[in-house]
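# from the sequence below, what's the structure:
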Amino acid sequence: MTHEVAAEWGLPRTVRRFDLVFAGLFPWLTPLDGEHRALLTRPLPPVAELAAAADASPLARTAPPAPSAAGGRGPSAEAGRLEGWARLLARLLRERVEAEQRDSGYYSLQAPLEAIFPLTAHLMAVHLADHPFPALLPALPVAAATHDLTGLRRTPSPLLDGVRAAMDDWTAAGVVTPATTAGVVTPATTAGVVTPATAPPPVEPGALVTAFWRDDTGVRDDPATAAARFLRRVPPAILARIHDSPPVRLTPLGAYALRRLLLAHNWTTA
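Numbers count the residues shown, from 1 in each chain. This next block holds a predicted model:
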């Protein structure tokens, strides 16, 4: 764990300097063009509450306990259990990526899990931390970042399947949890153009696609224009599937984990 994270959550500064649990997992986990690398400070529960949430996650309940997650009570034991959960999460992400890479269909994917995991982590930690959202909503900014419109238009959709698998893993780990529909960011459409949902959310899918847009086409449109054109090409049936997917929200445990993940990939604190 980095010194910045240790200090932020009141952990001893004697914790090792580098977060070797998450470092180097995802080369994709970098700031967007023009995006500030410093993460905003967000209040989190005490370590004891995070450790309890980690213990209650499906990931911790079904996986063999990590050595650092040994029993006991007190601040050091709680920090150890939390660290054990972090190791389980890192192992899960690594194993999912490696399993997909061994599959014969890996090389036909434009947006494999090695891109979907870091892009969804970035999206949730930086852009959707305060808002519930449809579980498949990340497919739109992921498609924009990888230019994977083909993955959205095919039936079955490999991109939607990949995002669903990633979100299922984030849910099993306790990073996200089911949410109510109130205030959900949804890709409601009018004449094929993405607009805010009826209950105006603070973040709108078109803005997310614009933020994650990567221009490798040689067309020199501004990102908003390019993103709008991209969204008009997404089939309405796909937008409906995204709209109707179950809403989820980032948990405090998830905010802790994703912050560590980003800091381990050269992000900084504000």
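# so what's residue 94 closest to, chain neighbours aside?
residue 25 (6.6 Å; CB to CB, 6 or more residues apart in numbering). (Glycine included, C-beta is placed from N, CA and C.)
# next: residue 254.
Per CB to CB, 6+ apart, closest to residue 254 is residue 175, 3.4 Å.
# tell me who's in contact with that neighbour.
Residue 175 makes contact with 89, 124, 250, 251, 253, 254, 257, 258, according to CB atoms under 8 Å, 6 or more residues apart in numbering.
# mind pulling up the pLDDT for the closest residue to residue 115 other than its chain neighbours?
Distances taken as CB to CB, 6+ apart put residue 28 closest to residue 115, at 5.2 Å, once the chain neighbours are dropped. We have a pLDDT of 71 for residue 28.
# likewise residue 128?
92.
# how many other residues sit next to it?
Residue 128 sits with 24 neighbouring residues when counted by other CB atoms under 10 Å.
# circling back to that earlier point, next, format the contacts of residue 175 as JSON lines and append pLDDT and distance to residue 213.
Below are those laid out as JSON lines (pLDDT from 0 to 100; distance: CB to CB, whole Å):
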{"residue": "89", "pLDDT": "96", "distance to residue 213": "29"}
{"residue": "124", "pLDDT": "95", "distance to residue 213": "18"}
{"residue": "250", "pLDDT": "96", "distance to residue 213": "23"}
{"residue": "251", "pLDDT": "96", "distance to residue 213": "28"}
{"residue": "253", "pLDDT": "97", "distance to residue 213": "31"}
{"residue": "254", "pLDDT": "97", "distance to residue 213": "25"}
{"residue": "257", "pLDDT": "96", "distance to residue 213": "27"}
{"residue": "258", "pLDDT": "95", "distance to residue 213": "22"}
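# and of those, the nearest to residue 238?
Nearest to residue 238 among the contacts of residue 175 is residue 124, at 20.8 Å by CB to CB.
# quick check: closest non-adjacent residue to that closest one.
residue 250 (5.1 Å).
# roughly how far apart are the one you found and residue 226?
Distance, residue 250 to residue 226, using CB to CB, to the nearest Å: 28 Å.
# of those two, which one has the most company?
residue 250 (22 against 19).
# list the contacts of that one.
Contacts for residue 250 were tallied using CB under 8 Å, 6+ apart; they are 124, 125, 128, 129, 175, 176, 258.
# can you tell me which of those is nearest residue 62?
Distance to residue 62 across the contacts of residue 250 (CB to CB) is lowest for residue 175, with 15.3 Å.
# need the phi and psi values for the closest one.
Dihedral angles of residue 175 (phi, psi; degrees, to the nearest 10) stand at phi -70, psi -40.
# secondary structure element for the residue lying closest to residue 208 once chain neighbours are set aside?
Once flanking residues are discounted, residue 208 sits nearest to residue 141: 4.6 Å by CB to CB, 6+ apart. Element membership of residue 141 [criterion: DSSP states H and E] is helix 139-146.
# next secondary structure after that helix?
Per DSSP H and E, the first helix or strand lying C-terminal to helix 139-146 is helix 149-153.
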